[in-house]
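Engineer: Structure for the following, please:
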Amino acid sequence: MSTAAEQFKKAIEVTRPQMNKLGQIEVDYNKPIDKDAPPVIQSIPLEHAYSEAALTLSLDGLKQTEALGNKYIFWHPFSGILIAVVASVYFHKNRLEILPRVKEESLWGYLFKNGMKNRETLGAGLMYMFIIGTIIFKFLALINEDYFRGKIQKINDENGLSVFGFDVSKYILNDKYLSDKMILKNNVNIIVYRNTPIASIVLKTPTLDVEHEDDDLIEIEKRAFITSLSCRRVYLKSGILEDLVNWAKKRCLDLNDSIYEKTNKVSGQTVYANELIETLVFKTYSFEFGLEKLMKESGFTLKKLQKLDTKKRKLNVLLNAIGVREKVWEITVPTKE
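Structural biologist: All right, here's what the predicted structure looks like:
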């Protein structure tokens, strides 16, 4: 018969997250969270075991944004106006035969009588409108999908470099890779619940790599960027995103106090300019109404409203035509007097 201590050890083994051969926790976001895992929620930096999951969360955030874009396209007045134009043209060529209303006849009876009289014309017209509407939506949705899939593909191809500031695959293969770049590791905040990463934020701060100790210190931008903010859909209303944005603001303050207030220069490692972070920047899209509300409540100000780039993807001009925009939000990072 096993002792209480042995039973406790077995319980821990059961709830311990599964690891793959590379030492990464295995997470299937298509399955519900493990109910047997302890109901503990924790905030951690980019630990080696969670690096693959952090990249997956960032990509999942873009997929959610793509879905919001499709919803925006579906309900956009542009689609309704085109369908109304199609309907007016069709019924102009295929006029309805309107029967007179009999005295004491109810409104519903009158409409039903005329509907049955013109059922073939109405049926064909509605089918025509449905087909045209579906074609319009699918065409614009494919352009929207191509736009975001291009972003996802770029992040995958560079192994998260533009998001995390380093090649995540190198960190996955070597858990010592960030040992001399701790700022990059600590610029990521992951929320883990029941051994499963459910949300994350990535902060990109002013950094510069040098090869030699006597290299000149290059002046760099005094801005920090939130390059990724993601959360599993089921937890979006929990307030986690607000907590993560507040963490990013505090992180900028902490960096200003501990690093950017003095020159740091180490051979072969990351160099930090002797300049303070003055602004925290985050980009959203015009259809991300939830994030827009969060930005306003968090003290951010809308600084720029810009169209989507059409140089690489010419059809983005159609998304621009229906009002899709990138919104650049900024907040001033307070400094010590």
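Engineer: in this protein, which spans are strands?
Structural biologist: Shown for the chain, the strands assigned by DSSP state E span residues 41-44, 188-193, 196-204, 208-209, 223-231, 270-271, 279-285, 301-307, 325-332.
Engineer: Just send those strands back as CSV, with distance to residue 247 too.
Structural biologist: Every C-beta, even on glycine, is put in place using the N, C-alpha and C of the backbone. Formatted as CSV, the strands of the chain follow (distance: least, CB to CB, whole Å):
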stretch, distance to residue 247
strand 41-44, 8
strand 188-193, 5
strand 196-204, 7
strand 208-209, 24
strand 223-231, 10
strand 270-271, 21
strand 279-285, 11
strand 301-307, 20
strand 325-332, 14
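Engineer: among those, which is nearest residue 87?
Structural biologist: Nearest of the strands of the chain to residue 87, taken as CB to CB: strand 325-332 at 29.6 Å.
Engineer: quick one, which of the strands of the chain is packed in tightest?
Structural biologist: When the strands of the chain are scored by mean count of other CB atoms under 10 Å, the highest mean neighbour count falls to strand 196-204 (a mean of 24).
Engineer: residues near the closest residue to residue 105 other than its chain neighbours, how many?
Structural biologist: Once flanking residues are discounted, residue 105 sits nearest to residue 113: 7.8 Å by CB to CB, 6 or more residues apart in numbering. When neighbours are defined as other CB atoms under 10 Å, residue 113 has 15 of them.
Engineer: Return the distance of residue 113 relative to residue 96.
Structural biologist: Distance, residue 113 to residue 96, using CB to CB, to the nearest Å: 12 Å.
Engineer: Kindly report the same for residue 289.
Structural biologist: 39 Å.
Engineer: one step back: right, and the strands of the chain - which one's nearest residue 244?
Structural biologist: Of the strands of the chain, nearest to residue 244 by CB to CB is strand 196-204, at 4.0 Å.
Engineer: For the closest residue to residue 168 other than its chain neighbours, list the residues it contacts.
Structural biologist: With sequence-adjacent residues excluded and distances taken as CB to CB, 6+ apart, residue 168 is closest to residue 160, at 4.0 Å. Neighbour list for residue 160: 55, 58, 166, 167, 168 [criterion: CB atoms under 8 Å, 6 or more residues apart in numbering].
Engineer: between those, which has the most around it?
Structural biologist: Counting neighbours by other CB under 10 Å, residue 55 leads the contacts of residue 160 with 25 neighbours.
Engineer: mind listing what that one touches?
Structural biologist: The contact partners of residue 55, by CB under 8 Å, 6+ apart, come to 155, 159, 160, 163, 164, 168.
Engineer: how about a cut-off of 7 Å?
Structural biologist: Taking CB atoms under 7 Å, 6 or more residues apart in numbering, we find residue 55 in contact with 160, 168.
Engineer: Report pLDDT for it.
Structural biologist: Here, the pLDDT recorded for residue 55 equals 95.
Engineer: How about residue 43?
Structural biologist: 93.
Engineer: same thing with residue 135?
Structural biologist: In this model, residue 135 carries a pLDDT of 89.
Engineer: buried sites along the helix with the most length in the chain?
Structural biologist: What stands out as the longest helix in the chain, according to DSSP state H, is helix 119-157. For helix 119-157, the neighbour count (16 or more other CB atoms under 10 Å) marks 122, 125, 128-129, 132-133, 136-137, 140-141, 143-145, 147-148, 155 as buried.
Engineer: Relative to residue 81, which of those is nearest.
Structural biologist: Residue 81 has its nearest neighbour among the buried residues of helix 119-157 in residue 136, at 10.3 Å by CB to CB.
Engineer: What separation do you get for that closest one and residue 124?
Structural biologist: With distances taken as CB to CB, residue 136 is found 19 Å from residue 124.
Engineer: Ok, residue 309 next?
Structural biologist: In this structure, residue 309 and residue 124 are 42 Å apart, going by CB to CB.
Engineer: do residue 47 as well
Structural biologist: Distance of residue 47 to residue 124, given as CB to CB: 62 Å.
Engineer: on that earlier part again, the longest helix of the chain vs strand 223-231, what angle?
Structural biologist: Using axes from the mean of the first three to the mean of the last three CA atoms, to 10 degrees, the inter-axis angle of helix 119-157 relative to strand 223-231 is 130 degrees.
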